[in-house]
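Undergrad: the following block contains a protein sequence and its predicted model.
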Amino acid sequence: MIRGCRNNNRKSQEMLYRRYARIMFSFCLIYESERDRAKDILQEAFIKIFRNISGYHKSGSLTGWMKKIIINTAIDHFRKKTSGIRFIQIEEMDHPVADEESVEASLNEQDIISQIRRLPEGARIIFQLHALEGYSHSEIAHLLHISVGTSKSQICRAKHLLQKWMKENDKLKCEPIEG
């Protein structure tokens with residue numbers, strides 16, 4: 001299939017797309033909650049995948065290589081529309097932020113993923129890049145053309161919101177059902 005894609009064989013490209021589109025679309029939805037825009041990211045990313053498949057050398061997983069292209073394409077889309085997004089600096093926040101370790105300890109991965117779409121767009125993108133993809137604040141600042149401080153404050157904001165939502169969720173689970 002990869003060899004066929006390298007030779008620009010349409011059947012091989014279709015096979016690759018059919019095999020990986022669903023999982024790659026789920027990554028697109030993490031970065032772009034609006035489904036039509038997420039589809040645009042997916043389509044653009046697959047064009048890049050087909051154009052650059054000769055650069056894939058079986059040293060890593062194909063899924064990981066493709067995911068990196070999805071993430072970079074999503075970041076490009078995010079950059080194009082960030083002019084309307086206001087990042088809140090930590091000094092502007094009207095609530096205390098728990099320290100990073102206590103926030104991380106109170107959240108599990110499954111809960112984070114189920115709540116991540118609720119985050120404001122800027123905080124969601126930065127949280128995804130830092131907490132789930134492992135990018136450093138300086139890498140995020142470079143990718144998104146923001147300051148390192150903005151990246152850090154958005155992580156704090158995202159963690160605060162996630163922690164708040166998790167506590168609300170826990171309260172709902174613990175309340176007795178009347179009936």
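TA: Alright, I've got the coordinates.
Undergrad: C-alpha only now, for contacts and for neighbours.
TA: OK.
Undergrad: and the longest helix for the chain?
TA: The longest helix of the chain (DSSP state H) is helix 148-174.
Undergrad: let me see the mean pLDDT of that one.
TA: What helix 148-174 shows for mean pLDDT is 81.
Undergrad: any idea how far it is from the middle of the chain?
TA: 16 Å (C-alpha atoms, centre = their mean, to the nearest Å).
Undergrad: this protein: helices as residue ranges?
TA: Listed in chain order, the helices of the chain (DSSP H) span 2-6, 10-31, 35-52, 62-81, 100-106, 109-115, 121-127, 137-144, 148-174.
Undergrad: can you put the ones you listed in CSV and add mean neighbour count?
TA: Formatted as CSV, the helices of the chain follow (neighbours: other C-alpha atoms under 10 Å):
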stretch, mean neighbour count
helix 2-6, 16
helix 10-31, 17
helix 35-52, 18
helix 62-81, 17
helix 100-106, 12
helix 109-115, 13
helix 121-127, 24
helix 137-144, 17
helix 148-174, 18
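Undergrad: which stretch in the ones you listed has the least confidence?
TA: The bottom spot among the helices of the chain, by mean pLDDT, belongs to helix 100-106, with a mean of 45.
Undergrad: can you give me the pLDDT of R86?
TA: Per-residue confidence (pLDDT) for R86: 54.
Undergrad: typo on my end, it should be S54
TA: 89.
Undergrad: next up, the contacts around it.
TA: S54 is in contact with R6, counting by C-alpha atoms under 8 Å, 6 or more residues apart in numbering.
Undergrad: report how many residues lie close to Y135.
TA: Around Y135 there are 16 other residues, counting by other C-alpha atoms under 10 Å.
Undergrad: any idea how far F27 is from it?
TA: Going from Y135 to F27 by C-alpha to C-alpha, to the nearest Å gives 16 Å.
Undergrad: do A123 as well
TA: Per C-alpha to C-alpha, A123 is found 16 Å from F27.
Undergrad: same deal with R124?
TA: Taking C-alpha to C-alpha, one finds R124 at 13 Å from F27.
Undergrad: also I53?
TA: Taking C-alpha to C-alpha, one finds I53 at 19 Å from F27.
Undergrad: can you give me the domain assignment for this protein?
TA: 2-83, 85-174 (automatic domain parsing).
Undergrad: chain neighbours aside, what residue packs nearest to S151?
TA: Leaving aside its sequence neighbours, S151 sits nearest to H137 (C-alpha to C-alpha, 6 or more residues apart in numbering; 5.8 Å).
Undergrad: my bad, should have said E44
TA: T73 (7.3 Å).
Undergrad: just checking, the one you found touches A45?
TA: Yes: with contacts counted by C-alpha atoms under 8 Å, T73 reaches A45, the gap being 5.9 Å.
Undergrad: enumerate every residue touching H137.
TA: With contact set as C-alpha under 8 Å, 6+ apart, H137 has these partners: 130, 148, 151-152.
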